[in-house]
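Q: Sequence plus the predicted model coming up.
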Amino acid sequence: MSLRPALDALQRGDAVAATRLLRHRLAHVPGDAEAWITLAAPLVAAGRAGPALGLAERALAVDPASALLRNNAIALADAAGEKRRLLIHLGRALERNDDDNLCHLHVATAVALGELSI
């Protein structure tokens, strides 16, 4: 089963069908990082960044080298107001030397707000 039907459902605005299709896929392919992060999309759309962050972290557990997944986790931690988790993901991105503008923007913001010292 590909992700296409779930992506199509999301595009149509049918979060219920998309979630059902993604959960079915993950029941059969639990190591699909793309499915985990896609499952977060309906939660983000509903303003539920906290639970979406948990799914982004599941995706990262499957593919910890992915800068894209790390960026999603950074953005979701920020949106959820999860400062500790945001700093953890920023630190991991810096450890991995992700050459990524989003990571650098978040670090600069955290330093400017006094939440992080370098």
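A: Happy to help now that I have it. Numbers count the residues shown, from 1 in each chain.
Q: Flag the shaky bits of this structure, pLDDT-wise.
A: Of all residues in the chain, those with pLDDT under 70 make up the ranges 97-104, 106, 116-118.
Q: Let me see the ranges of the helices in this structure.
A: Ranges of helices in the chain, per DSSP state H, are 4-12, 15-28, 33-45, 49-62, 67-80, 83-95, 101-112.
Q: how distant is the first one from the center of its chain?
A: Between the mean C-alpha location of helix 4-12 and the chain-wide mean there is a distance of 18 Å, by C-alpha atoms, centre = their mean, to the nearest Å.
Q: Now it: buried residues?
A: Pro5, Ala6, Leu7, Ala9, Leu10 (16 or more other C-beta atoms under 10 Å). (Glycine included, C-beta is placed from N, CA and C.)
Q: mind listing what the first one touches?
A: If you count contacts by C-beta atoms under 8 Å, 6 or more residues apart in numbering, Pro5 has them with Leu21.
Q: Renumber starting at 28 from here on
A: Fine by me, first position is 28 from now on; the one you just mentioned is Pro32.
Q: TSV for the buried residues of helix 31-39, including distance to Leu87?
A: Output for these, formatted as TSV (distance: C-beta to C-beta, whole Å):
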residue	distance to Leu87
Pro32	24
Ala33	20
Leu34	20
Ala36	24
Leu37	21
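Q: Which of the residues you listed sits closest to Arg52?
A: For the buried residues of helix 31-39, the residue nearest Arg52 by C-beta to C-beta is Ala33; the value is 7.0 Å.
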